[in-house]
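Enquirer: give me the fold of what follows.
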Amino acid sequence: MHIPPLRTTVDEAKYEDREVFGTQPFESFNGDVASANREVIRAVLTKNVKLLKTLTMTPEVYAELSTFDAQRSANVSHSALHYAIDNDDLAAAGLLRQATEKVEQQQLTAAPEMALPSHSTGQHTSRFSDYNRRTINASRGGKEGNNALLEDANNGKQINLSLDYLWQSPTASIEMLTLLYPTGEWTNGYTTCINICRAARCGNFRLVRKVVETLEKNGGWGFNELHHKVLADGPDDISDGEEAAPLLPPFRAVSAIKQAHNTRLRPLHLAAINPNVRYLEALWAVAGDEFSAIKDDQGYEPVHYAAACESSAPMAFLLERRCSLFSRTKTRLTPLMCALEAGREETALALLKFAATPGESGGGGQEVADKIRF
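Expert: As a prediction, the model looks like this:
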């Protein structure tokens, strides 16, 4: 049977990705569960609240879906909730959370079974007690076999709503935090400080400021007043002749490097993600160059945090103080890699420009610029 093309032209500008960005209404996929699951992602990306309500609130549609949290593709692991968090779409996030809590798994259809069998090299037994244990992959020797075709398989299990992604999104808001954790359960468990570090490492200073202030006023968690004071927006510009009010209360150098819990997150790190560089300058004036390379528990230095900042001003300040462009975290990330991971193009370009500038005013020339990329 001949299927006519959607457009009778080769002009790419007239084509649209109907699967993810199309504006068509929901239609039955006749048993194609994977395509039906991606309709939830399409509803969020196109901000089609009417379609999303149809998918999450209509029992007749549940028979087409196996999950509300399917990933976009094998290579793009984002789900509908991920996109809702990134876009700060409270309506979409609320509908997704409500559907996950209220819709029983029995109302959904079964996930499609994979016709191809997967291969494994086996598992350890309890006799090893995890001593000198290492991961064993079926790709040993570069021969994956059927596993190369099963990258998008989840073994028939529904993927849980990825609430933890909130802490890894540079645009997540405090309103989204309240929506996803209505009873404040984000403060429970040992992962609280770890999640705050994740939010700080992607440059989300507004979310970090609010949660750190909340924790500092309700038990401490190892944070001091400086941890959230350095994330303030700061006063408006001072007119000529007026005396500027102090940005921070009086503090000693030891307070600028106060460790928070076991993450060793310090006010100096948080000041580096504040677009208002005056707070970083105030801490630097007291702490000095001695702590310019002070690390947290994962090896992140102030220059790594500055790389994720919305503004390139903190990075420019640290580069003027000759902070190292080659500093690496425990996972071997350089400041340039951190800037690219957080989507800070302006900061990444500033790093490359500084590194390519020869002489004392720069990083040493093109050879250095090439080196910091790897």
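
Enquirer: ok, so what distance separates the nearest residue to Gln168 once chain neighbours are set aside from Gln98?
Expert: With sequence-adjacent residues excluded and distances taken as CB to CB, 6 or more residues apart in numbering, Gln168 is closest to Arg198, at 5.4 Å. C-beta coordinates here come from the backbone N, C-alpha and C atoms, glycine included. Arg198 sits 26 Å away from Gln98 when distances are taken as CB to CB, to the nearest Å.

Enquirer: and if you look at Asp32?
Expert: Taken as CB to CB, the spacing of Asp32 relative to Gln98 amounts to 25 Å.

Enquirer: more neighbours: Arg198 and Gln98, which one.
Expert: Ranked by neighbour count (other CB atoms under 10 Å), Arg198 and Gln98 place Arg198 first, with 19 against 13.

Enquirer: looks to me like the more buried one is in a strand.
Expert: No: counting by DSSP: H, G, I helix; E, B strand; the rest coil, Arg198 is not found in a strand; it is helix.

Enquirer: was I right about it contacting Trp167?
Expert: Yes: using CB atoms under 8 Å, Arg198 is in contact with Trp167, at 4.3 Å.

Enquirer: show the backbone phi and psi for Ala260.
Expert: Summarising the backbone geometry of Ala260 under the convention degrees, to the nearest 10, its torsions are phi -100, psi 110.

Enquirer: how about it: what's its closest non-neighbour residue?
Expert: Distances taken as CB to CB, 6+ apart place Gly222 nearest to Ala260, at 4.1 Å, with adjacent residues excluded.

Enquirer: run a quick neighbour tally on the one you found.
Expert: The local packing count at Gly222 equals 17, with neighbours defined by other CB under 10 Å.

Enquirer: go on, Ala282?
Expert: Going by other CB under 10 Å, the residues that sit close to Ala282 add up to 19.

Enquirer: quickly find the element holding it.
Expert: Following DSSP states H and E, the helix or strand that holds Ala282 is helix 278-287.

Enquirer: elements contacting the helix or strand that that helix is followed by?
Expert: Note on helix 278-287: by DSSP H and E, the next helix or strand toward the C-terminus is helix 302-307. With contacts defined as 3 or more CB pairs under 8 Å, 6 or more residues apart in numbering; DSSP states H and E, the packing partners of helix 302-307 are helix 191-201, helix 267-271, helix 313-320, helix 335-341, helix 345-356.

Enquirer: 6 Å - rerun?
Expert: If contacts are counted by 3 or more CB pairs under 6 Å, 6 or more residues apart in numbering; DSSP states H and E, helix 302-307 sits against helix 267-271, helix 313-320, helix 335-341.

Enquirer: residues making contact with the last one?
Expert: Same thing as helix 335-341. Contacts to helix 335-341, defined as CB atoms under 6 Å, 6 or more residues apart in numbering, come from residues Val303, His304, Ala307, Ala308, Thr347, Ala348, Leu351, Ile372.

Enquirer: the residue nearest to Ala260 in helix, strand or coil?
Expert: Secondary structure assignment for Gly222 (three-state DSSP): coil.

Enquirer: in CSV: the helices and strands packed on helix 302-307, plus mean pLDDT.
Expert: CSV is the format used below for the helices and strands packed on helix 302-307 (pLDDT from 0 to 100):
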stretch, mean pLDDT
helix 267-271, 95
helix 313-320, 94
helix 335-341, 94
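
Enquirer: hey, which of the ones you listed is tucked in deepest?
Expert: Using mean count of other CB atoms under 10 Å, the stretch among these with the largest mean neighbour count is helix 267-271, at a mean of 27.

Enquirer: so where is the stretch 251-374 of the chain shaky, pLDDT-wise?
Expert: Scanning the stretch 251-374 of the chain for pLDDT under 70 picks out 359-374.

Enquirer: the helices in the stretch 51-200 of the chain, which residues?
Expert: Taking DSSP state H, counting those that start in this stretch as the criterion, the stretch 51-200 of the chain carries its helices at 59-62, 80-86, 90-102, 174-180, 191-201.

Enquirer: circling back: looking at the contacts of helix 335-341, which is nearest Val211?
Expert: Lowest distance from Val211 to these (CB to CB) belongs to Ala308, with 16.7 Å.
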